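> Give me a model of this one.
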Amino acid sequence: MPSNFSNSALRNSHIAEFGGAKMETDPAATAITRDTVLIVDDEPLNRDLLALVLRGEDCELLFAGDSESAVSLAETKQPSLILLDVMMPGKDGKVARHGYDVCTRLKRDSATAHIPIVFLSALHERAERIRGLRLGASDFIAKPFDRGEVVARVRSQLAVSRLTRELIAVNHRLVEKQVNLDSDLRAAADIQRALLPARISERLPGVQIAYRLDPSEGVGGDVCNYHNLDEHHLVAYIVDVSGHGVPAAMLAVAISRSLAPPSLHRAIDGSAGIDPAMFAPAEVMRRLDREYPIERFDKFFTICYLVIDLRTGEFRYSRAGHPMPVVVRREGGLELLAAGGTIIGLSSTLPFEEGIGRLAPHDMIVLYTDGVTECQAPDGEFFGDDGLSRALLGTAGAEPEAACEKVMHDLLEFSGGARMRDDLTLMAVRYEGCASAPPPAAGYEVGTCD
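Prediction:
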């Protein structure tokens, strides 16, 4: 067959091989199982010619003879490619450059904007081509049609269309996965919040407590809490699991369960009732180190664990690789609590040191994670221990809520309002004193014991 078809040869071939309207796809079909080409031309002969040229391209063909039919088929059938005549009838039935209007409508609709459009036109002026391309068309095919050109351009655009549809499908799957991930993160965040005290600031017999938790990713590996062992002893702890996100949060859940009084006591001796002596901080560190080896969870964590005698203000504590707590004396002095050992998870043979001290009424202990001291300013400077000390010096004698607010305010100002790169947790415990408790010994200092 020659490169340019004669009209009579085309019509005879089409009648013999295609049977006219039988080529149209069933409008009830919604799924495209292979490439589909929508041919839009008001001249039946041109539609016949293109159908004949594309008969060997393994694609389904759809036909439209006016602009409204073209838009309707494009929206309902979602073809892989549209071959669109420039000169065609509009709503008024008059033939004009309505192909440009169809292209504009399809490209403005998000449901059809991805479909490549190739204009069919006998208009050879450069300005006409530029206009079509600016409207979003992918290519031009000149009339009269050349068989080789039509096949080459259609194959090229169908290849692009397949890639586009694959990208759309992949993006759709990614969006679905992101929706599921967001749902999982919200669930993990709810679980994490359930591990925290019910109120960010609370007054209990003998103490006031306040905390702040700001995970870097909506959910993280920091957790803090407190509970009474009995009417005379209060436990407070803060944990920082390595990493961020759901894995760190789930390990934090397990650790919190391990630190719950009934769970912890059964793990130690299996008996009923709670003996405060069984909650010696150094013993708690050793037990956690045995239960949470790195090779089991592929993570480690740091912790600071504190037990306060509400009758006397005496406290015992231990740290496992965690930043040193700060005692804020009501007169304005600051003291660091250094006793402890290495991170949890190393199954270390090294002992965990236990420290002791005593709080006078309105003295406060501040526990925090390294997200506080490692907060960075826009110039890269770290907030550090000095920044924390400056913040806490102004909170001597203040209530824990005010102390937490002061530190968080200074961190926000220091960072220039930037999002924290690490989970950030802060807890302040102020001893209120007990009327029946003996006065603290003069010159009593924080010390350590094995």
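> Could you chop this protein up by domain?
Domain assignment for the chain by automatic domain parsing gives 7-172, 196-449.
> Where among the ones you listed is average confidence lowest?
Of all the domains of the chain, domain 7-172 carries the lowest average pLDDT, namely a mean of 80.
> just the strands in the stretch 101-250 of the chain please.
Under the criterion DSSP state E, counting those that start in this stretch, strands of the stretch 101-250 of the chain are mapped to 117-121, 139-142, 201-204, 207-214, 222-230, 233-241.
> I meant the stretch 351-450 of the chain, not that one.
Going by DSSP E, counting those that start in this stretch, the stretch 351-450 of the chain shows strands at 354-358, 364-368, 424-431, 447-449.
> Distance to Gln178 added to those, as a markdown table?
C-beta here means a position set from N, CA and C on the backbone, and glycine is covered the same way. Formatted as a markdown table, these follow (distance: least, Cβ to Cβ, whole Å):
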| stretch | distance to Gln178 |
| --- | --- |
| strand 354-358 | 46 |
| strand 364-368 | 33 |
| strand 424-431 | 25 |
| strand 447-449 | 50 |
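> just so I know, which of those strands lies nearest Leu174?
Nearest to Leu174 among these is strand 424-431; the distance by Cβ to Cβ comes to 29.9 Å.
> Who are the packing partners of the closest one?
Other elements packing on strand 424-431 under the criterion 3 or more Cβ pairs under 8 Å, 6 or more residues apart in numbering; DSSP states H and E are strand 207-214, strand 222-230, strand 233-241, strand 301-309, strand 364-368, helix 370-373, helix 400-415.
> Just the C-alphas of it, formatted as PDB.
Extracted C-alpha coordinates of strand 424-431, given in PDB (Å, rounded to 0.1, in the frame of the first residue of the first chain):
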ATOM      1  CA  LEU A 424      12.500  16.000  73.200                       C
ATOM      2  CA  THR A 425      11.200  15.100  76.700                       C
ATOM      3  CA  LEU A 426      11.400  17.000  80.000                       C
ATOM      4  CA  MET A 427      10.000  16.200  83.500                       C
ATOM      5  CA  ALA A 428      10.300  18.200  86.600                       C
ATOM      6  CA  VAL A 429       9.500  16.800  90.100                       C
ATOM      7  CA  ARG A 430       9.300  19.300  93.100                       C
ATOM      8  CA  TYR A 431       9.300  18.000  96.600                       C
END
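> Going by neighbour count, which residues in that strand are buried?
Residues Leu424, Thr425, Leu426, Met427, Ala428, Val429, Arg430, Tyr431 are the ones in strand 424-431 that count as buried (16 or more other Cβ atoms under 10 Å).
> Looks like the last one contacts Asp309 (just checking).
No. Applying Cβ atoms under 8 Å, one finds Tyr431 not in contact with Asp309, separated by 9.8 Å.
> before we move on, back to that, so which of the strands of the stretch 101-250 of the chain is the most surrounded?
Neighbour counts (mean count of other Cβ atoms under 10 Å) averaged over each of those peak at strand 233-241, with a mean of 25.
> angle of that one against strand 301-309?
Using axes from the mean of the first three to the mean of the last three Cα atoms, to 10 degrees, the inter-axis angle of strand 233-241 relative to strand 301-309 is 170 degrees.
> Tell me which other helices or strands strand 233-241 touches.
Going by 3+ Cβ pairs under 8 Å, 6+ apart, strand 233-241 lies up against strand 222-230, helix 245-259, strand 301-309, strand 364-368, strand 424-431.
> how about a cut-off of 6 Å?
For strand 233-241, the elements it packs on are strand 222-230, helix 245-259, strand 301-309, judged by 3 or more Cβ pairs under 6 Å, 6 or more residues apart in numbering; DSSP states H and E.
> nearest to Ala377, of those?
strand 222-230 (21.4 Å).
> packing partners for the closest one?
Applying 3+ Cβ pairs under 6 Å, 6+ apart, we find strand 222-230 packed against strand 207-214, strand 233-241, strand 424-431.
> just how off-centre is the longest helix along the chain within its chain?
Across the chain, the longest stretch assigned as helix under DSSP state H is helix 147-195. Here helix 147-195 is found 17 Å from its chain centre; the criterion is Cα atoms, centre = their mean, to the nearest Å.
> so that helix versus strand 233-241, what angle?
Angle, helix 147-195 to strand 233-241, by the same axes, to 10 degrees: 160 degrees.
> So what touches stretch 85-94?
If you take Cβ atoms under 6 Å, 6 or more residues apart in numbering as the criterion, stretch 85-94 is touched by Val40, Asp41, Asp42, Asp66, Ser67, Val95, Arg97, His98, Gly99, Phe119, Leu120, Ser121.
> now those residues in CSV, with secondary structure?
Shown next, in CSV, are the contacts of stretch 85-94 (DSSP: H, G, I helix; E, B strand; the rest coil):
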residue, secondary structure
Val40, strand
Asp41, coil
Asp42, coil
Asp66, coil
Ser67, helix
Val95, strand
Arg97, strand
His98, helix
Gly99, helix
Phe119, strand
Leu120, strand
Ser121, strand
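> follow-up on the earlier one: closest to Leu50 out of the strands of the stretch 351-450 of the chain?
That would be strand 424-431 among these, by Cβ to Cβ, at 64.9 Å.
> Return a PyMOL selection command for the buried portion of the contacts of stretch 85-94.
The buried residues among the contacts of stretch 85-94 can be selected in PyMOL (16+ other Cβ under 10 Å) with this line:
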select buried, resi 40+41+42+66+67+97+98+99+119+120+121
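> Just put the helices and strands packed on strand 222-230 in TSV and tack on distance to Glu374.
As requested, the helices and strands packed on strand 222-230 are exported to TSV (distance: least, Cβ to Cβ, whole Å):
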stretch	distance to Glu374
strand 207-214	13
strand 233-241	11
strand 424-431	9
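> burial of Asp35, as a residue count?
A count of nearby residues for Asp35, using other Cβ atoms under 10 Å, gives 22.
> Tell me who's in contact with it.
Cys59, Ser80, Leu158 are the contacts of Asp35 under Cβ under 6 Å, 6+ apart.
> And the helices and strands packed on strand 233-241: which comes nearest Arg287?
helix 245-259 (8.0 Å).
> Let me know the angle separating the closest one from strand 301-309.
On the basis of the same axes, to 10 degrees, helix 245-259 is oriented at 30 degrees to strand 301-309.
> What residues of helix 245-259 count as buried?
Buried residues in helix 245-259 (16+ other Cβ under 10 Å): Gly245, Val246, Pro247, Ala248, Ala249, Met250, Leu251, Ala252, Val253, Ile255, Ser256, Leu259.
> Stretch 295-303 now?
Phe297, Lys299, Phe300, Phe301, Thr302, Ile303.
> so the last one touches Ser318, yeah?
No. Using Cβ atoms under 6 Å, Ile303 is not in contact with Ser318, being 8.6 Å away.
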